[in-house]
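Peer 1: got a predicted structure plus its sequence, pasted below:
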Amino acid sequence: MTTAEAPVQTVEEPVRPTPPPAARKLRRRPDRIRSSIAAWTAVAVIGLFGMLPMYWMLVTALSPKGQAFQFPPKFIPTEITFEHFRTFAENEQLFDYMVNSVIVALITAALSVIVSTYMGYSFSKFRYRGRKSLMNFVLASQMFPQALLLITLYAVFRQFGLLGTYTALVLSFTTFTMPLCVWMLKGIFDTVPDALLEAAAIDGASRWRTLHTIVAPLAAPGMIAAGLFAFVRGWNDFIFALTLANKDTMTLPPGLVNTYIGEFQTSWPALMAASLIVSVPVVAAFMFLQRYLVGGLTAGAVKS
Amino acid sequence: MTTAPPIAKSPDATGGPSRGTRGRRMSNGMFAFLLTVPGLALFGAIVLYPLIASLVTGFFEQDLRFPGRSWVGFDNYADVFAGDFAAILEHTLVFTVGATAAPFLIGLALALALNTGMKGSGFFRGLFLFPWVIPGVVVSFLWMWIFNANYGVLNGALIKTGLIEESISWLGEPGTAMLAVIITKTWASFPWMMVMLLAGLQTVPRELHEAAAVDGAGAVRRFFAVTWPGIRGVAAIALLLEFIWNFQHFDTIYVLTGGGPAGATETFAVAVYQDAFKGFDLGHATALGGLWMLLLLVLVGVYLKLSERETK
Amino acid sequence: MSASRTTGARLSGAAGMNRRDALRLFGLGALGVAAAACAPSGGSTSNGGDTKAKNFGFSSWSLNEEASKPEVQKIISAWESSHKSKITTTAFPYNEYLQQLTLKLNGGEIQGAVHLDIAWLAAIAQMGKLKDLGKVAGKGGYTDVSLKSGQYDGVQYGLPWTTGSIGLIGNQKLLTEAGIKQHPTTIAEFEDALRALKELKGVTPYAAATKVAQLKDIFPWMQTFGCTILDGDKVTIGDDASVDAVEWYKKLHDEKLIAKDVDRFDARALFGQGTVGFYDDAVIGKGATLATAKEKGLAEQMVPVPRPVLKSGDQPRALLWGGVIAVVEGEGSDAATDFALHTTSDQATTVEYFSKLALPPTTTKGLADPKVAADTFTTDWTEKITKTATPGPFWAYAKNAQIEEAVAKQVQAVLVGQASGKDAMKKAGEEVSALIKG
């Protein structure tokens, strides 16, 4: 599969096209100008669609409470306040949700990466019967409907008294982070030259040792990237946490729904401020992840 | 598998002295299998078993709140077909097609633009990613506010520019609610399409383009003659993946409309969730889920085949 | 180590599953089926634990609402310091409360005292986790009506905290501005009043619930038009009266006399902005609405209005509404019972609670307190609305919430023009009939 077999690192940042030879360039100047105008127009129009909502989120988050109820609204704010960010910071409950989000997403990422490292390595460096079917199953499993899995997961976790625990959340998040990590890591191990493994073997290193002390360090950046993807996916999860968490383990996405939908659904500025805060870690993570984006994406990394 | 050479047959070239002494040194196949054990155990426990158990539940009458269940055969399926199945399938398809096609077109336009080598394309690419990385719940909150019937900025802007005279209840009318949900999802997914297609475009040799241009091919012809064949594979995968995800998308719809108004945005994901966790009717929910799964499996099968072919 | 060799063969590792692999996967599947057959099949977790523990939990949607949160918190803190114990609180938004409480209760994650809408009592009681409070209920001095609201199937599961009703609240200032001298008493007068209000700029005449969450407000209107809704165990939704009611609602909707996409909280927010003539709410609405109101003078303008009737002389219809505190058996249930009793019947506590939130006490003594008796909004409310209020027709059914939602969805289908009143109510009637059997 293109998507998955393609080693992650081979897909690089967009390459700046090399300028065409001067002679050709001269001949085609009007055409270039036309296409450049078209390009800028597309970017501008789509830019409005993409960025105006973000702008509005920011403006609302900075507006005093009463201003949200002006209609038609003021498109450019005249008054700015940070009170909503302060309210968020002072709200212990929201802070707890945030801590839960961090804990659950971190453990999920760690677990996914560890387990997937072995599985991805096996898929990448060995050939055996059933390997392909397993790989396909892993790839397909992230496309199974979560709502359907959840029905049994809820019953199983209840049976084992795990409802409302971090364990339940981590395990359920793993259903969607593992496939992605396995495929990302397989792609990364594909780029580790086999000659290296052979050399290690000649030096007398065992296969476990080779994996742990030679391959793993080489693949470390990729493992971190896979972990970050898993972290982001865990951070963003809604359906599992909504159903399986209780007040002590609730993460931010369902926590925000529980806080703001209902009685406070009219506190738009506070909700927008909270939304911005929740988005910050994810946006930060993606700044680091840009380089791995395409590989991760094509492995079905992030469900949008 | 017709293809994979049996490991056991490949001589262990580097095994050295340990070769053949099975007691001390396990075979590569064994080693490879051991590596997958933790993963397989997890998958079995949290994906395969739940999936099958859920499907089995579809043949029982079971209330989430009370113990016990009773076998009812295909009754749940009969109920599902007699009930909202057709409507839910229709909503799911409308949503899925809309929320796949629109981001694709936008993403394609953007990828083509950024691929012209315009100034700041790297910066724009990063900026455009934002809508896609922020959590789905946040996306829903944001658009819920934009679409708000009484104080929403969209109504405000449309009234101010004279396009409409009276506020529209975007999320309160069946027609506009589906549109609103699709727009929201489009906003959140076009960046992904952009990244995928941009990656595809970079594999198209520039020289081909230049050559076509020299031959006097117009922009449209060049697109269909040079660009499209070059990115068709990536585009197909991207479309299919997005289609599959939308087919089971939950967050945006659940938060934005909860499937309403009057069930107009009720898709499989929302309906199954609400049947199970609001209606507590597990039999009905899992029967509906079984049909949903069946349709998804077809899509996933197509995806696996397609990506298989792409590899070659 | 043959990594290199095997990778050399990689390119041949190709497509498709052969029969053998398919069989293998199938076998894995069969294993799953076998496991699934002995799957966990229902809630059997018992809440063990020390019933005598001093610490316990308290769940309430009031802890999620701006107006009531500090007041409830005050009661909790007072208890904690006087009993040297710790109360762990859980809050969900009202519209999500029943679902979340059910899921958590089912998973054994909820202990201690739980605040319940009287409409949910039957559904929760049937889960078999609530303690019988019959022995302590006598100590509270509750009024008979209130006491009854906490019973299901003859057992006292809840101690009444609030007993009231859902009725119409009007904005007197707007009514006067619109030239409405007398509160409308018939449907026809009501329509005239709404049209007069519509003339005022930017005013929503009637912020009736049009979102599914509170569309159950349609029931009293159906009754007003003469539909009994439930006659014995026969569902009468779908009869002419119910169709008339829905089509009347649709008329108001089409004439823009009621607003789209509104639930209780939207209605309160709109009313708080001083732009709503009438809306439906419980007596608690006063406190909740005022908490976010723009003008502080709004309090004096809020008036309870008896629901208009079809023919002059009919009895105005209203839906009972109230809250009880129930106790989950198990850990800390004794202390939780004491807490429930104290919160709902302690004179000073209930009167203070009333003075802050306008939620009248449920005890005879509490109601007689001068502070309560002198409040005209409350006494008016009791006199004009609660007096003729009746319980929801489906409260006794475990699937009450699903029934109300099924009806609400059909009503919504009519409002948005997807179905005719007749078809939708027929369908609603059928769905409800199926739900009360299951």
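Peer 2: Received, thanks.

Peer 1: C-alpha only now, for contacts and for neighbours.
Peer 2: Fine.

Peer 1: and stretch A:55-63, average pLDDT?
Peer 2: Stretch A:55-63 comes out with an average pLDDT of 90.

Peer 1: could I get the average pLDDT for the helix or strand harbouring residue C:170?
Peer 2: Residue C:170 belongs to strand C:158-171 when assigned by DSSP states H and E. Averaged across strand C:158-171, pLDDT comes to 91.

Peer 1: which of the residues in the helix or strand following it are buried?
Peer 2: The C-terminal neighbour of strand C:158-171 among helices and strands, as given by DSSP H and E, is helix C:172-177. Residues of helix C:172-177 classed as buried by neighbour count (16 or more other Cα atoms under 10 Å in any protein chain shown): C:172, C:173, C:174, C:175.

Peer 1: nearest to chain A, of these?
Peer 2: Using Cα to the nearest Cα, residue C:174 comes nearest to chain A of the buried residues of helix C:172-177, at 19.4 Å.

Peer 1: burial of residue C:90, as a residue count?
Peer 2: 19 (other Cα atoms under 10 Å in any protein chain shown).

Peer 1: repeat that for residue C:180.
Peer 2: By other Cα under 10 Å, 18 other residues sit near residue C:180.

Peer 1: that one contacts residue C:194, doesn't it?
Peer 2: No. At 9.6 Å, residue C:180 does not count as touching residue C:194 under the criterion of Cα atoms under 8 Å.

Peer 1: sorry, back to before: what is the strand holding residue C:170 packed up against?
Peer 2: Judged by 3 or more Cα pairs under 8 Å, 6 or more residues apart in numbering or on different chains; DSSP states H and E, strand C:158-171 is in contact with helix C:144-149, strand C:276-282, helix C:298-301, strand C:302-305, strand C:318-327, helix C:333-345.

Peer 1: any chance of the ones you listed in a markdown table, plus mean neighbour count?
Peer 2: Compiled in a markdown table, the helices and strands packed on strand C:158-171 are given as follows (neighbours: other Cα atoms under 10 Å in any protein chain shown):
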| stretch | mean neighbour count |
| --- | --- |
| helix C:144-149 | 18 |
| strand C:276-282 | 26 |
| helix C:298-301 | 15 |
| strand C:302-305 | 23 |
| strand C:318-327 | 26 |
| helix C:333-345 | 23 |
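
Peer 1: for chain B, find the nearest of the ones you listed.
Peer 2: Closest to chain B of those is strand C:276-282 (Cα to the nearest Cα; 12.5 Å).

Peer 1: how close does the residue of the stretch 301-438 of chain C found nearest chain A sit to chain B?
Peer 2: Residue of the stretch 301-438 of chain C nearest chain A, by Cα to the nearest Cα: residue C:357 (15.1 Å). Between residue C:357 and chain B the computed distance is 27 Å (Cα to the nearest Cα, to the nearest Å).

Peer 1: roughly how far apart are that residue and residue C:303?
Peer 2: Relative to residue C:303, residue C:357 is positioned 16 Å away (Cα to Cα, to the nearest Å).

Peer 1: repeat that for residue C:374.
Peer 2: For residue C:374, the distance to residue C:303 - Cα to Cα - is 15 Å.

Peer 1: now do residue A:285
Peer 2: Counting by Cα to Cα, the gap from residue A:285 to residue C:303 is 54 Å.

Peer 1: same question, residue C:146
Peer 2: 24 Å.

Peer 1: quick one, what contacts residue 88?
Peer 2: Using chain A. Shown in contact with residue A:88 (Cα atoms under 8 Å, 6 or more residues apart in numbering or on different chains): A:94, A:95, A:270, A:273, A:274.

Peer 1: chain C was what I was after
Peer 2: Contacts of residue C:88 by Cα under 8 Å, 6+ apart are C:55, C:56, C:57, C:58.

Peer 1: run a quick neighbour tally on the second one.
Peer 2: Counted by other Cα under 10 Å, the residues lying close to residue C:56 total 25.

Peer 1: wait, it sits on residue C:335?
Peer 2: Yes. Using Cα under 8 Å, residue C:56 is in contact with residue C:335, at 7.1 Å.

Peer 1: thinking again about what came up before, list the neighbouring strands of the strand holding residue C:170 plus their orientation.
Peer 2: strand C:276-282 (antiparallel), strand C:302-305 (antiparallel), strand C:318-327 (antiparallel) (DSSP bridges).

Peer 1: next up, the contacts around residue B:60.
Peer 2: For residue B:60, the contact set (Cα under 8 Å, 6+ apart) comprises B:69, B:70, B:71, B:72, B:73, B:76, B:283.

Peer 1: nearest to chain C: which residue in the stretch 1-150 of chain B?
Peer 2: Closest to chain C within the stretch 1-150 of chain B is residue B:67: 3.6 Å, counting by Cα to the nearest Cα.

Peer 1: tell me the secondary structure for that residue?
Peer 2: Assigned by DSSP: H, G, I helix; E, B strand; the rest coil, the conformation of residue B:67 is coil.

Peer 1: residue contacts, residue C:335?
Peer 2: Residue C:335 neighbours (Cα under 8 Å, 6+ apart): C:52, C:53, C:54, C:55, C:56.

Peer 1: among those, name the buried ones.
Peer 2: C:54, C:55, C:56.

Peer 1: go through stretch C:255-265 and flag the buried ones.
Peer 2: For stretch C:255-265, using 16+ other Cα under 10 Å, the buried residues are C:256, C:257, C:258, C:259, C:260, C:261, C:262, C:263, C:264, C:265.

Peer 1: neighbouring contacts of stretch B:155-168?
Peer 2: Residues contacting stretch B:155-168 (Cα under 8 Å, 6+ apart): A:71, A:72, A:73, B:147, B:148, B:149, B:150.

Peer 1: now those residues as TSV including secondary structure, distance to chain C and neighbour count?
Peer 2: Shown next, in TSV, are the contacts of stretch B:155-168 (DSSP: H, G, I helix; E, B strand; the rest coil; distance: Cα to the nearest Cα, whole Å; neighbours: other Cα atoms under 10 Å in any protein chain shown):
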residue	secondary structure	distance to chain C	neighbour count
A:71	coil	10	13
A:72	coil	12	19
A:73	coil	15	19
B:147	coil	11	25
B:148	coil	9	21
B:149	coil	8	23
B:150	coil	9	22
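
Peer 1: list just the nearest of those residues to residue B:307.
Peer 2: Nearest to residue B:307, judged by Cα to Cα, of these is residue B:147 at 38.2 Å.

Peer 1: name the helix or strand for residue C:70, please.
Peer 2: helix C:69-83.

Peer 1: in strands only, show me the contacts of residue C:335.
Peer 2: Secondary structure assignment by DSSP state E places residue C:56 of these in strands.

Peer 1: thought residue A:251 was touching residue A:101?
Peer 2: Yes. Residue A:251 is within contact range of residue A:101, at 4.6 Å (criterion: Cα under 8 Å).

Peer 1: need the residues touching each of those two.
Peer 2: In contact with both residue A:251 and residue A:101: residue A:235, using Cα under 8 Å, 6+ apart.

Peer 1: who's more crowded, the two?
Peer 2: Using other Cα under 10 Å as the criterion, residue A:251 and residue A:101 rank with residue A:251 on top: 32 against 25.

Peer 1: what degree of burial does residue B:78 show, as a neighbour count?
Peer 2: Neighbour tally, residue B:78, other Cα under 10 Å: 12.
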